[in-house]
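In: Okay, structure incoming, though there's no sequence with it:
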């Protein structure tokens with residue numbers, strides 16, 4: 001091979017600058033030959049255009065260190081970029097050092113991104129091959145600058161430079177998309193990656209699983225976790241921790257525990273992040289005592305409880321209303337020299353405020369300031385909410401105005417707390433003023449803020465204003481996203497068709513358009529959500545406007561929202577209130593056809609309304625249908641119970657149900673209460689008494705409403721002895737019935753021929769139970785009692 005002319009020149013004649021040699025000498029791997037090569041390259045960069053042909057002969061003598069040094073010392077960023085683009089065509093010349101150096105140039109130098117693109121265009125014209133690493137650096141740079149759209153645009157432009165992304169470039173853009181919650185597009189890119197025969201690496205799976213977990217798609221994350229294992233890639237500590245954290249966020253703490261065990265068995269030791277995620281997960285679901293046991297087992301593995309762990313315990317104890325223990329843990333933390341941060345103070349302030357100890361919360365605000373911890377909006381919001389909860393709205397408003405004058409400006413959440421508090425206390429007009437004030441100050445209301453005020457207006461009977469606010473919520477945002485998505489199509493887009501549309505856009509080269517649409521969908525703005533619709537539908541139902549409620553129900557689906565079980569429950573109850581039973585059951589059937597499993601509340605609502613219409617058999621069958629959908633229930637047992645009820649043997653049917661409930665440890669009093677009251681409403685009091693007796697034998701405490709219906713039903717049938725027994729049962733259980741039923745029983749006894757003395761016996765027992773008889777008994781009852789007592793006294797005084 002013929003050497004470049006450089007190597008036949010005497011070393012003393014080499015063009016050099018002392019400062020450059022000085023900087024290069026810091027690298028022990030540099031030789032005199034390397035210095036000579038570096039100087040020759042600098043000369044070519046400064047004098048030859050295009051530089052690439054002149055650089056080719058030097059390739060055998062280049063190393064990653066030389067490439068990095070040339071870029072580092074090139075004063076002209078355009079020349080540095082161009083040399084980088086040429087050099088990294090060869091894998092052996094690529095290095096993290098040169099990548100970081102170019103990235104740093106992009107972030108620090110003025111107009112560096114424009115210069116880089118200009119360089120790319122020039123290189124393209126010269127026919128130089130451009131590799132995907134060139135764009136990977138750009139995507140990183142845009143991501144660091146939070147210019148996510150530019151990063152996506154950059155990825156989309158790769159094809160214009162005849163450049164195919166490799167797995168590392170795919171990973172870079174997937175990271176950008178998952179961070180911005182544009183998961184549908186990320187999955188479309190991932191699918192394209194697979195079709196292009198690029199094998200995902202561990203980083204690919206880590207990025208996607210993390211994005212899915214953080215967006216609440218834990219099932220999809222677990223599928224991808226399994227898919228990764230099938231490709232032969234073993235999860236590392238980072239991926240295990242991501243999935244454990246995701247399971248905990250989804251309240252699947254037992255699954256998270258099992259995964260931790262699997263993680264240990266695979267030889268991967270958990271770190272403090274995984275341990276803290278589990279501790280926090282158990283605390284969040286209210287299983288605090290189990291968390292203590294977990295902590296002890298973690299400590300055996302060498303885990304040391306730190307600030308995050310203490311925060312989880314204190315938060316969990318406050319949520320469980322174990323306020324004293326929460327404060328003890330706060331004290332213990334100080335004894336262990338763990339200093340609280342603003343997050344822990346926010347937890348303490350919220351906990352104290354929820355416990356009604358707002359004065360202590362105010363003192364803690366002062367304490368944290370004295371310790372040098374500046375309260376943030378979350379801290380102030382916790383105290384403001386505490387003041388609102390105990391009705392001190394003026395003080396809450398004063399504190400909100402106080403923080404308005406400080407650097408810690410009130411957030412939309414602050415105003416939402418005030419608006420909710422005012423609405424709860426009937427001050428809907430004042431709540432509207434606060435809402436208007438926040439808009440004037442440039443603090444945009446969130447969906448939750450709108451929902452709070454719409455709910456307040458609905459409950460105050462101001463449905464028209466609530467509906468106007470709903471429309472303001474819609475008009476205040478950009479033109480309907482779903483109209484743009486469907487290009488004027490009347491049909492709404494569900495997640496499946498949206499996925500198809502995104503993939504179609506991406507395949508046709510419109511990746512930036514897809515990204516913008518999905519990002520707006522993710523950020524949402526003040527788009528009315530399903531909670532907004534539920535509030536309004538409920539308001540219309542309660543106002544008797546079932547047609548208006550049903551119109552909203554259809555509207556929300558046309559706008560791409562899916563009704564949830566609450567929506568269906570509200571509408572079913574609304575149709576029942578409007579005496580449109582057939583429509584209620586039609587919605588119930590539609591719910592099941594649309595893949596929504598009716599919850600227990602919906603079944604109870606239908607059962608209650610059926611009983612009110614004296615259709616107890618229908619109510620009974622509805623419950624059996626619900627039970628048959630649950631795991632662990634035997635069809636033969638349910639059919640046997642159904643047979644007993646059909647034959648009119650309510651006692652045996654109820655006995656069978658109770659045995660099933662207790663066997664599966666899944667007893668609920670609600671259905672028995674509904675049937676008992678329903679039988680009374682249907683005039684089948686004798687069968688209602690059977691249910692009462694069976695429940696009492698099983699030591700199940702019968703509810704006060706059941707007792708009231710039984711007393712009234714028995715009085716109407718003239719079975720006063722049993723009515724008195726039921727009333728005595730309520731006294732024994734410590735129930736205090738309302739005056740109306742007490743007076744009804746007394747009047748029935750006092751107007752009977754032979755049960756008068758029962759009334760006086762009951763008076764003594766009620767007196768011993770601290771009933772305020774003067775307040776409880778109405779004038780008619782008092783008159784009857786006085787008349788019978790006077791008659792008795794006359795009879796006693798009369799000569800025998």
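Out: Everything's here; your move. Here the structure is a predicted model, which is why all the values come from computation and not from measurement. Residues are numbered from 1 along each chain as shown.
In: where in the stretch 601-750 of the chain is pLDDT low?
Out: For the stretch 601-750 of the chain, no stretch is flagged by pLDDT under 70.
In: could you pull out the helices for it?
Out: Here the stretch 601-750 of the chain has its helices, by DSSP state H, counting those that start in this stretch, at 616-628, 635-646, 650-663, 670-681, 685-697, 704-716, 720-732, 739-750.
In: quick one: which of the ones you listed is nearest residue 378?
Out: Nearest to residue 378 among the helices of the stretch 601-750 of the chain is helix 670-681; the distance by CB to CB comes to 38.0 Å. Placement of C-beta: from N, CA and C, glycine included.
In: ok, residue 636 - how many residues close by?
Out: By the criterion of other CB atoms under 10 Å, residue 636 has 8 neighbours.
In: do residue 233 as well
Out: Neighbour tally, residue 233, other CB under 10 Å: 17.
In: doesn't residue 205 make contact with it?
Out: Yes. Taking contacts as CB atoms under 8 Å, residue 233 lies within contact range of residue 205: 6.6 Å.
In: Per-residue pLDDT of the spatially most central residue of the chain, please?
Out: Per CA atoms, centre = their mean, the C-alpha nearest to the average position across the chain is that of residue 216, at 7.4 Å. pLDDT for residue 216: 82.
In: Equivalent analysis for residue 146, please.
Out: At residue 146, pLDDT is 91.
In: got it, and the one 4 residues further on?
Out: Confidence at residue 150, expressed as pLDDT, is 93.
In: On the three-state scheme, it is what?
Out: When states are read from DSSP: H, G, I helix; E, B strand; the rest coil, the local structure at residue 150 comes out as helix.
In: next one: residue 563
Out: With three-state DSSP as the criterion, residue 563 reads coil.
In: what's near enough to touch it?
Out: By CB atoms under 8 Å, 6 or more residues apart in numbering, residue 563 lies in contact with 530, 533, 553, 556, 557, 571, 596.
In: so which two of those residues are the farthest from each other?
Out: Across the contacts of residue 563, the longest distance by CB to CB is 15.1 Å; it joins 533 and 596.
In: buried stuff in stretch 220-235?
Out: 220, 221, 222, 224, 225, 228, 233, 235 (16 or more other CB atoms under 10 Å).
In: Check what contacts that stretch and list those residues.
Out: 199-202, 205, 208-209, 212-213, 239, 243, 246, 263, 266, 268.
In: Is it possible to mark the buried ones in those?
Out: By neighbour count, with 16+ other CB under 10 Å, the contacts of stretch 220-235 hold 200, 202, 205, 208, 209, 212, 213, 239, 243, 246, 263, 268 as buried.
In: Surely the first one touches residue 189?
Out: No. Under the criterion of CB under 8 Å, residue 200 is not in contact with residue 189, lying 11.2 Å apart.
In: Identify the contacts common to these two.
Out: residue 170.
In: Just the buried residues of stretch 220-235: which are in helices?
Out: 220, 221, 222, 224, 225, 228 (DSSP state H).
In: Can I get those residues in JSON lines including pLDDT?
Out: Below are these laid out as JSON lines (pLDDT from 0 to 100):
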{"residue": "220", "pLDDT": "90"}
{"residue": "221", "pLDDT": "93"}
{"residue": "222", "pLDDT": "93"}
{"residue": "224", "pLDDT": "93"}
{"residue": "225", "pLDDT": "94"}
{"residue": "228", "pLDDT": "93"}
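In: List just the nearest of those to residue 114.
Out: Nearest to residue 114 among these, with distances taken as CB to CB, is residue 224, at 37.8 Å.
In: Which stretches in the stretch 401-550 of the chain count as helices?
Out: Under the criterion DSSP H, counting those that start in this stretch, helices of the stretch 401-550 of the chain are mapped to 412-424, 428-440, 447-459, 463-475, 481-485, 495-507, 511-523, 530-542, 546-558.
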